[in-house]
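S.K.: Quick check, what structure comes out for this input:
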Amino acid sequence: MENKSVVIIGGGPAGIEAANSLANQGLKVTLIEKSDEAGGNIRNWVKLFPDFSNAEDVRANFRNILKNENIEFISNTEISSLYRDGNHWIAKNGSDKTFKADAALLTTGFEVFDAKRKEELGYGIYDNVITSVDFEQMYKSGKITTAEGKVPERIAFLNCVGSRDEKVGNHYCSRVCCINAVKQAIEFKELVPNAKAFCFYMDMRMAGQFYEELYRKSQEKYGVTYIRGRISEAAATMDNRIQIKAEDTLSALPMKMTVDLLVLMVGIESSSSTTELSRQNDVLGLYGFSKSKGLYGNDNLTNQHGLFLAGTCKRPLTLPETFADARSAAIEIVKYLKTI
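M.R.: All right, here's what the predicted structure looks like:
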(Lines give C-alpha, C1' and ligand atoms only; values in the text may rest on other atoms or scores of the structure.)
Protein backbone atom coordinates (compact mmCIF):
# COMPACT_ATOMS: atom_id res chain seq x y z
CA MET A 1 0.00 0.00 0.00
CA GLU A 2 2.87 2.38 0.66
CA ASN A 3 3.61 2.53 -3.06
CA LYS A 4 0.00 3.24 -4.05
CA SER A 5 -1.28 6.72 -4.83
CA VAL A 6 -4.56 8.61 -5.17
CA VAL A 7 -5.38 11.85 -6.95
CA ILE A 8 -8.25 13.84 -5.45
CA ILE A 9 -9.84 16.58 -7.51
CA GLY A 10 -11.40 19.24 -5.29
CA GLY A 11 -9.99 20.64 -2.04
CA GLY A 12 -13.21 21.23 -0.17
CA PRO A 13 -14.47 19.38 2.92
CA ALA A 14 -14.95 16.05 1.11
CA GLY A 15 -11.56 16.17 -0.58
CA ILE A 16 -9.69 17.11 2.59
CA GLU A 17 -11.46 14.56 4.77
CA ALA A 18 -10.84 11.77 2.24
CA ALA A 19 -7.20 12.85 1.87
CA ASN A 20 -6.81 12.70 5.65
CA SER A 21 -8.20 9.17 5.86
CA LEU A 22 -6.11 7.92 2.93
CA ALA A 23 -2.88 9.59 4.07
CA ASN A 24 -3.27 8.04 7.52
CA GLN A 25 -3.34 4.65 5.75
CA GLY A 26 0.08 5.41 4.30
CA LEU A 27 -1.12 6.28 0.80
CA LYS A 28 0.38 9.10 -1.20
CA VAL A 29 -2.33 11.63 -1.95
CA THR A 30 -2.29 14.48 -4.45
CA LEU A 31 -5.06 16.91 -3.58
CA ILE A 32 -5.79 19.42 -6.36
CA GLU A 33 -7.82 22.59 -5.81
CA LYS A 34 -8.72 25.13 -8.50
CA SER A 35 -8.82 28.16 -6.17
CA ASP A 36 -5.98 29.65 -4.14
CA GLU A 37 -6.82 27.89 -0.87
CA ALA A 38 -8.53 24.81 0.47
CA GLY A 39 -11.92 24.68 2.14
CA GLY A 40 -14.46 24.99 -0.64
CA ASN A 41 -17.75 26.72 0.12
CA ILE A 42 -17.19 26.56 3.87
CA ARG A 43 -14.91 29.57 3.41
CA ASN A 44 -18.05 31.69 2.94
CA TRP A 45 -19.57 30.76 6.30
CA VAL A 46 -19.06 32.18 9.80
CA LYS A 47 -21.09 29.77 11.94
CA LEU A 48 -22.47 26.36 11.10
CA PHE A 49 -25.94 24.97 11.70
CA PRO A 50 -27.44 23.61 13.84
CA ASP A 51 -25.12 24.27 16.80
CA PHE A 52 -23.50 27.55 15.63
CA SER A 53 -20.02 26.05 15.65
CA ASN A 54 -17.32 28.41 14.44
CA ALA A 55 -16.51 27.63 10.80
CA GLU A 56 -12.97 28.91 11.35
CA ASP A 57 -12.33 26.00 13.72
CA VAL A 58 -13.17 23.60 10.89
CA ARG A 59 -10.95 25.51 8.49
CA ALA A 60 -8.10 25.44 11.04
CA ASN A 61 -8.45 21.66 11.24
CA PHE A 62 -8.26 21.53 7.44
CA ARG A 63 -4.97 23.42 7.53
CA ASN A 64 -3.56 20.94 10.05
CA ILE A 65 -4.64 18.00 7.91
CA LEU A 66 -2.81 19.42 4.91
CA LYS A 67 0.46 19.33 6.88
CA ASN A 68 0.42 15.54 6.62
CA GLU A 69 3.60 14.46 4.80
CA ASN A 70 1.60 12.02 2.68
CA ILE A 71 -0.57 14.81 1.24
CA GLU A 72 0.64 17.02 -1.58
CA PHE A 73 -1.75 19.97 -1.81
CA ILE A 74 -1.76 21.80 -5.13
CA SER A 75 -3.78 25.02 -5.39
CA ASN A 76 -4.66 27.32 -8.30
CA THR A 77 -4.91 24.30 -10.57
CA GLU A 78 -8.12 23.44 -12.40
CA ILE A 79 -8.31 19.97 -13.85
CA SER A 80 -9.77 20.05 -17.35
CA SER A 81 -9.31 16.40 -18.26
CA LEU A 82 -9.51 13.15 -16.31
CA TYR A 83 -9.07 9.73 -17.90
CA ARG A 84 -7.78 6.22 -17.37
CA ASP A 85 -4.53 5.25 -19.09
CA GLY A 86 -3.66 1.60 -18.62
CA ASN A 87 -3.55 0.91 -14.90
CA HIS A 88 -3.43 4.55 -13.87
CA TRP A 89 -5.66 7.61 -13.76
CA ILE A 90 -4.40 10.81 -15.35
CA ALA A 91 -5.57 14.27 -14.33
CA LYS A 92 -4.53 17.10 -16.63
CA ASN A 93 -4.88 20.86 -16.27
CA GLY A 94 -5.30 23.48 -18.98
CA SER A 95 -1.52 23.78 -19.40
CA ASP A 96 -1.24 20.03 -20.02
CA LYS A 97 0.47 19.39 -16.70
CA THR A 98 -0.40 15.83 -15.69
CA PHE A 99 -0.88 14.06 -12.37
CA LYS A 100 -0.80 10.24 -12.35
CA ALA A 101 -2.20 7.94 -9.65
CA ASP A 102 -3.54 4.44 -9.08
CA ALA A 103 -7.03 5.75 -8.25
CA ALA A 104 -8.96 8.97 -8.67
CA LEU A 105 -11.57 10.58 -6.42
CA LEU A 106 -13.92 13.32 -7.56
CA THR A 107 -14.80 15.77 -4.77
CA THR A 108 -15.54 18.74 -7.00
CA GLY A 109 -18.37 19.98 -4.80
CA PHE A 110 -21.05 22.47 -5.70
CA GLU A 111 -21.75 26.05 -6.71
CA VAL A 112 -24.46 28.24 -5.23
CA PHE A 113 -27.37 29.15 -7.48
CA ASP A 114 -27.00 32.47 -9.31
CA ALA A 115 -29.94 34.47 -7.94
CA LYS A 116 -29.85 36.81 -10.96
CA ARG A 117 -31.56 34.02 -12.89
CA LYS A 118 -34.68 34.76 -10.78
CA GLU A 119 -34.98 38.31 -12.03
CA GLU A 120 -38.48 38.73 -10.58
CA LEU A 121 -36.86 38.71 -7.14
CA GLY A 122 -34.63 41.67 -7.99
CA TYR A 123 -31.18 40.40 -7.11
CA GLY A 124 -28.60 42.52 -8.91
CA ILE A 125 -31.34 45.05 -9.66
CA TYR A 126 -32.30 46.37 -6.22
CA ASP A 127 -29.61 47.17 -3.68
CA ASN A 128 -31.46 45.71 -0.71
CA VAL A 129 -32.03 42.28 -2.18
CA ILE A 130 -29.12 40.06 -1.13
CA THR A 131 -28.33 36.34 -1.00
CA SER A 132 -27.65 34.11 1.99
CA VAL A 133 -23.95 34.19 1.04
CA ASP A 134 -24.01 38.00 1.09
CA PHE A 135 -25.69 37.86 4.50
CA GLU A 136 -22.83 35.72 5.83
CA GLN A 137 -20.27 38.25 4.64
CA MET A 138 -22.19 41.01 6.45
CA TYR A 139 -22.48 38.89 9.56
CA LYS A 140 -18.73 38.31 9.50
CA SER A 141 -18.28 42.07 9.87
CA GLY A 142 -20.49 42.05 12.97
CA LYS A 143 -23.43 44.02 11.59
CA ILE A 144 -26.31 43.65 9.17
CA THR A 145 -27.21 46.85 7.30
CA THR A 146 -29.06 48.02 4.23
CA ALA A 147 -27.22 49.45 1.24
CA GLU A 148 -27.74 52.87 2.84
CA GLY A 149 -25.96 51.76 6.00
CA LYS A 150 -29.12 51.58 8.13
CA VAL A 151 -29.91 48.74 10.52
CA PRO A 152 -32.98 46.93 9.13
CA GLU A 153 -36.16 47.08 11.17
CA ARG A 154 -37.82 44.43 9.00
CA ILE A 155 -36.05 41.61 7.17
CA ALA A 156 -37.41 38.72 5.10
CA PHE A 157 -35.76 35.42 4.20
CA LEU A 158 -37.01 33.53 1.15
CA ASN A 159 -36.37 29.81 0.88
CA CYS A 160 -36.06 27.62 -2.23
CA VAL A 161 -34.36 30.16 -4.49
CA GLY A 162 -33.10 27.99 -7.32
CA SER A 163 -34.39 24.77 -5.74
CA ARG A 164 -37.69 22.93 -6.25
CA ASP A 165 -38.24 25.32 -9.15
CA GLU A 166 -39.48 24.17 -12.56
CA LYS A 167 -38.71 27.55 -14.11
CA VAL A 168 -34.96 27.14 -13.61
CA GLY A 169 -35.04 23.37 -14.14
CA ASN A 170 -34.01 22.35 -10.62
CA HIS A 171 -36.71 20.08 -9.23
CA TYR A 172 -34.67 18.86 -6.26
CA CYS A 173 -34.37 20.11 -2.67
CA SER A 174 -30.97 21.59 -1.74
CA ARG A 175 -31.30 20.25 1.84
CA VAL A 176 -29.48 23.10 3.58
CA CYS A 177 -31.52 26.22 2.81
CA CYS A 178 -34.35 25.79 5.35
CA ILE A 179 -32.09 25.25 8.34
CA ASN A 180 -29.71 27.95 7.12
CA ALA A 181 -32.60 30.43 7.01
CA VAL A 182 -33.44 29.51 10.61
CA LYS A 183 -29.80 30.04 11.61
CA GLN A 184 -29.50 33.38 9.85
CA ALA A 185 -32.82 34.64 11.23
CA ILE A 186 -31.57 33.87 14.74
CA GLU A 187 -28.24 35.55 14.04
CA PHE A 188 -30.04 38.65 12.82
CA LYS A 189 -32.34 38.74 15.85
CA GLU A 190 -29.37 38.42 18.19
CA LEU A 191 -27.81 41.46 16.54
CA VAL A 192 -31.08 43.45 16.27
CA PRO A 193 -33.46 42.08 18.95
CA ASN A 194 -36.25 44.61 18.32
CA ALA A 195 -36.41 44.06 14.56
CA LYS A 196 -38.98 41.89 12.79
CA ALA A 197 -37.79 38.78 10.94
CA PHE A 198 -40.00 36.89 8.47
CA CYS A 199 -39.26 33.62 6.72
CA PHE A 200 -41.19 32.59 3.59
CA TYR A 201 -41.19 28.88 2.86
CA MET A 202 -42.79 26.13 0.78
CA ASP A 203 -42.19 23.48 3.46
CA MET A 204 -39.82 23.71 6.42
CA ARG A 205 -37.73 20.58 5.99
CA MET A 206 -36.17 20.02 9.41
CA ALA A 207 -34.85 16.50 8.85
CA GLY A 208 -31.44 16.73 10.57
CA GLN A 209 -30.55 16.19 14.21
CA PHE A 210 -31.39 19.28 16.31
CA TYR A 211 -32.97 21.05 13.29
CA GLU A 212 -36.54 20.91 14.61
CA GLU A 213 -35.41 22.11 18.03
CA LEU A 214 -33.65 25.11 16.47
CA TYR A 215 -36.73 25.88 14.36
CA ARG A 216 -38.91 25.92 17.48
CA LYS A 217 -36.36 28.01 19.35
CA SER A 218 -36.32 30.61 16.59
CA GLN A 219 -40.05 31.14 17.11
CA GLU A 220 -40.34 30.76 20.87
CA LYS A 221 -37.22 32.69 21.92
CA TYR A 222 -36.51 35.01 19.01
CA GLY A 223 -39.98 35.64 17.61
CA VAL A 224 -39.20 34.78 13.99
CA THR A 225 -42.42 34.71 11.94
CA TYR A 226 -42.83 31.93 9.36
CA ILE A 227 -45.14 32.43 6.38
CA ARG A 228 -46.00 29.51 4.13
CA GLY A 229 -45.84 30.95 0.65
CA ARG A 230 -43.64 31.89 -2.28
CA ILE A 231 -42.73 35.45 -3.11
CA SER A 232 -43.78 36.13 -6.70
CA GLU A 233 -42.24 39.57 -7.11
CA ALA A 234 -39.94 42.02 -5.37
CA ALA A 235 -39.61 45.71 -6.25
CA ALA A 236 -38.00 48.79 -4.75
CA THR A 237 -40.10 51.52 -3.16
CA MET A 238 -39.40 55.26 -3.40
CA ASP A 239 -37.29 55.09 -0.25
CA ASN A 240 -35.33 52.06 -1.53
CA ARG A 241 -37.06 49.52 0.67
CA ILE A 242 -38.28 46.27 -0.84
CA GLN A 243 -41.96 45.58 -1.44
CA ILE A 244 -42.73 41.92 -1.89
CA LYS A 245 -45.83 40.27 -3.29
CA ALA A 246 -46.68 36.76 -2.16
CA GLU A 247 -49.47 34.39 -1.35
CA ASP A 248 -50.07 33.03 2.12
CA THR A 249 -50.90 29.48 1.06
CA LEU A 250 -52.31 28.57 4.48
CA SER A 251 -55.01 31.23 4.22
CA ALA A 252 -55.09 31.20 0.40
CA LEU A 253 -54.87 35.00 0.40
CA PRO A 254 -52.53 37.32 -1.52
CA MET A 255 -50.35 39.61 0.54
CA LYS A 256 -47.98 42.54 0.24
CA MET A 257 -45.20 43.35 2.64
CA THR A 258 -42.48 45.97 2.74
CA VAL A 259 -39.13 45.12 4.30
CA ASP A 260 -35.77 46.83 4.57
CA LEU A 261 -33.81 43.80 3.41
CA LEU A 262 -34.75 40.66 1.46
CA VAL A 263 -32.42 37.66 1.79
CA LEU A 264 -32.61 34.99 -0.91
CA MET A 265 -31.65 31.54 0.36
CA VAL A 266 -29.79 30.29 -2.70
CA GLY A 267 -29.62 26.55 -3.30
CA ILE A 268 -26.96 24.10 -4.41
CA GLU A 269 -26.08 23.37 -8.05
CA SER A 270 -23.44 21.12 -9.54
CA SER A 271 -20.12 22.81 -10.18
CA SER A 272 -18.89 23.22 -13.73
CA SER A 273 -15.96 20.91 -12.94
CA THR A 274 -18.34 18.25 -11.63
CA THR A 275 -20.39 18.34 -14.81
CA GLU A 276 -17.48 18.36 -17.24
CA LEU A 277 -15.35 15.66 -15.59
CA SER A 278 -18.41 13.47 -15.08
CA ARG A 279 -19.35 13.82 -18.75
CA GLN A 280 -15.84 12.82 -19.82
CA ASN A 281 -16.05 9.60 -17.81
CA ASP A 282 -19.66 8.62 -18.50
CA VAL A 283 -20.76 9.20 -14.91
CA LEU A 284 -22.93 12.24 -15.56
CA GLY A 285 -26.21 12.09 -13.69
CA LEU A 286 -29.25 14.33 -13.24
CA TYR A 287 -28.86 18.11 -13.05
CA GLY A 288 -25.15 17.91 -13.89
CA PHE A 289 -24.16 16.03 -10.74
CA SER A 290 -21.97 12.92 -10.78
CA LYS A 291 -23.71 9.55 -10.87
CA SER A 292 -22.61 6.82 -8.48
CA LYS A 293 -22.96 3.11 -9.14
CA GLY A 294 -25.89 2.85 -6.71
CA LEU A 295 -27.32 4.41 -3.57
CA TYR A 296 -27.26 1.25 -1.48
CA GLY A 297 -23.73 0.12 -0.69
CA ASN A 298 -22.15 1.42 -3.92
CA ASP A 299 -22.61 5.16 -3.50
CA ASN A 300 -18.89 6.01 -3.68
CA LEU A 301 -18.26 3.73 -6.66
CA THR A 302 -18.70 4.47 -10.36
CA ASN A 303 -18.92 2.32 -13.45
CA GLN A 304 -15.29 3.23 -14.15
CA HIS A 305 -12.59 1.02 -12.63
CA GLY A 306 -10.66 3.05 -10.05
CA LEU A 307 -12.80 6.22 -10.19
CA PHE A 308 -14.64 7.17 -6.99
CA LEU A 309 -17.02 9.92 -5.83
CA ALA A 310 -17.55 11.74 -2.55
CA GLY A 311 -19.52 14.70 -1.27
CA THR A 312 -21.74 17.17 -3.04
CA CYS A 313 -20.49 16.35 -6.51
CA LYS A 314 -23.24 13.67 -6.31
CA ARG A 315 -26.12 15.68 -4.82
CA PRO A 316 -26.80 18.23 -2.08
CA LEU A 317 -25.47 17.10 1.31
CA THR A 318 -24.98 18.73 4.68
CA LEU A 319 -21.46 19.17 6.04
CA PRO A 320 -21.63 16.22 8.49
CA GLU A 321 -23.00 14.04 5.68
CA THR A 322 -20.14 15.17 3.45
CA PHE A 323 -17.52 14.21 6.05
CA ALA A 324 -19.08 10.78 6.52
CA ASP A 325 -19.31 10.22 2.78
CA ALA A 326 -15.65 11.17 2.31
CA ARG A 327 -14.53 8.65 4.93
CA SER A 328 -16.70 6.03 3.24
CA ALA A 329 -15.04 6.80 -0.10
CA ALA A 330 -11.60 6.41 1.48
CA ILE A 331 -12.55 2.93 2.72
CA GLU A 332 -13.68 1.93 -0.76
CA ILE A 333 -10.47 3.25 -2.32
CA VAL A 334 -8.31 1.29 0.12
CA LYS A 335 -10.30 -1.87 -0.66
CA TYR A 336 -9.80 -1.26 -4.37
CA LEU A 337 -6.04 -0.59 -4.11
CA LYS A 338 -5.52 -3.84 -2.24
CA THR A 339 -6.83 -5.71 -5.28
CA ILE A 340 -4.54 -4.21 -7.92
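
S.K.: Quick check: phi and psi on residue 279?
M.R.: Dihedral pair for residue 279: phi -60, psi -40, per degrees, to the nearest 10.

S.K.: so residue 178 sits in a helix?
M.R.: Yes: the assignment for residue 178, made by DSSP: H, G, I helix; E, B strand; the rest coil, places it in a helix.

S.K.: That one - how many residues pack around it?
M.R.: A count of neighbours around residue 178, defined by other CB atoms under 10 Å, yields 27. C-beta here means a position set from N, CA and C on the backbone, and glycine is covered the same way.

S.K.: Tell me where the longest helix sits in the chain.
M.R.: What stands out as the longest helix in the chain, according to DSSP state H, is helix 319-337.

S.K.: Need the contact partners of that one.
M.R.: 1, 4, 6, 13-18, 21-22, 25, 27, 42, 48, 58, 102-103, 105, 107, 208, 299-301, 306, 308-312, 314, 317 (CB atoms under 8 Å, 6 or more residues apart in numbering).

S.K.: redo that, cut-off 6 Å
M.R.: By CB atoms under 6 Å, 6 or more residues apart in numbering, the surrounding residues in contact with helix 319-337 are 4, 6, 13-14, 17-18, 21-22, 25, 102-103, 300, 308, 310-311.

S.K.: Of these, which belong to helices?
M.R.: In this view, those that belong to helices under DSSP H are 13, 14, 17, 18, 21, 22.

S.K.: So which of the contacts of helix 319-337 is the closest to residue 68?
M.R.: Residue 68 lies nearest to residue 22 out of the contacts of helix 319-337, by CB to CB, at 9.7 Å.

S.K.: can you pick the most crowded of the contacts of helix 319-337?
M.R.: The most neighbours of any of the contacts of helix 319-337, using other CB under 10 Å, belong to residue 310, which has 34 neighbours.

S.K.: how close does that one sit to residue 263?
M.R.: Distance, residue 310 to residue 263, by CB to CB, to the nearest Å: 30 Å.

S.K.: And residue 43, by the same measure?
M.R.: Residue 43 is 19 Å from residue 263, where distance means CB to CB.
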